[in-house]
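A.B. asks: Dropping the sequence and predicted coords here.
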Amino acid sequence: MPSIGRCASAISGEAVLSPLVVWSIAIGVMLALAFYVTRLVKHSDEDSLHDMGLAILEFGRAYPAEAIRSLHSTADANTIFVRLHDNKSGIMRNRGNHFACHVIRPGRVRVTPTPEPKGFSAEFLDSPTQNGTFVFKNENEAAEVSLWLLDNYVSVADRQLSAEPQPASNTGRSD
């Protein structure tokens with residue numbers, strides 16, 4: 001026998017929602033909200049791995065004794081090449097939720113040009129997992145990084161110093 005309260009609401013024209021429908025709607029809203037929040041967090045995590053400040057911290061954590069001179073990122077921001085203070089270089093590869101860092105010893109990398117002038121292929125003899133083809137935002141960055149890797153880099157400041165005339169030293173004896 002139906003309850004008197006339900007009969008009264010049905011007679012007055014009010015719609016009665018069953019508890020199953022109410023709970024289904026509530027659970028659906030919570031699932032949609034959870035999906036939205038996880039997508040936001042994932043997008044935020046991906047952006048943070050392309051941050052140069054985070055790259056400096058990660059490389060410093062992996063190699064605390066190395067001083068970073070400059071950083072150059074590939075066009076897709078998944079690889080960062082690091083020029084160190086003592087003219088060594090390093091590489092950082094984005095591996096999902098962390099960077100894989102490696103210091104490149106002089107003479108332990110082979111660089112070959114690609115048909116595209118904005119990139120090159122590199123073979124790391126000490127760390128084959130870092131091998132790959134790297135494309136940069138412009139040709140100048142690709143050229144500069146390839147010169148670092150080949151240990152032939154002369155900075156603009158070094159070129160300016162070598163262009164200045166050196167004072168002649170007095171090597172002859174005056175009697």
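C.D. replies: Arrived safely. Since this is a predicted model, take the numbers as computed values, not measurements.

A.B. asks: give me the beta-bridge partners of the closest residue to residue 88 other than its chain neighbours?
C.D. replies: The shortest distance from residue 88 to any non-neighbouring residue, by Cβ to Cβ, 6 or more residues apart in numbering, is to residue 103 (6.1 Å). Glycine gets a C-beta too; all of them are placed from N, C-alpha and C. Beta bridges link residue 103 to residue 90, judged by DSSP bridges.

A.B. asks: Let me see the contact set for residue 103.
C.D. replies: By Cβ atoms under 8 Å, 6 or more residues apart in numbering, the contact list for residue 103 reads 63, 66, 84, 88, 89, 90.

A.B. asks: Can you name the helix or strand that the second one falls in?
C.D. replies: When secondary structure is defined using DSSP states H and E, no element contains residue 66, which sits outside every helix and strand.

A.B. asks: confidence score at residue 151?
C.D. replies: Looking at residue 151, its pLDDT is 73.

A.B. asks: swap that for residue 43, sorry
C.D. replies: pLDDT, residue 43: 57.

A.B. asks: returning to what we had before: would you check how far apart the residue nearest to residue 88 and residue 53 are?
C.D. replies: From residue 103 over to residue 53 the distance is 20 Å, taken as Cβ to Cβ, to the nearest Å.

A.B. asks: what residue ranges in this protein score low on pLDDT?
C.D. replies: Applying pLDDT under 70 to the chain flags residues 1-16, 42-50, 152-175.
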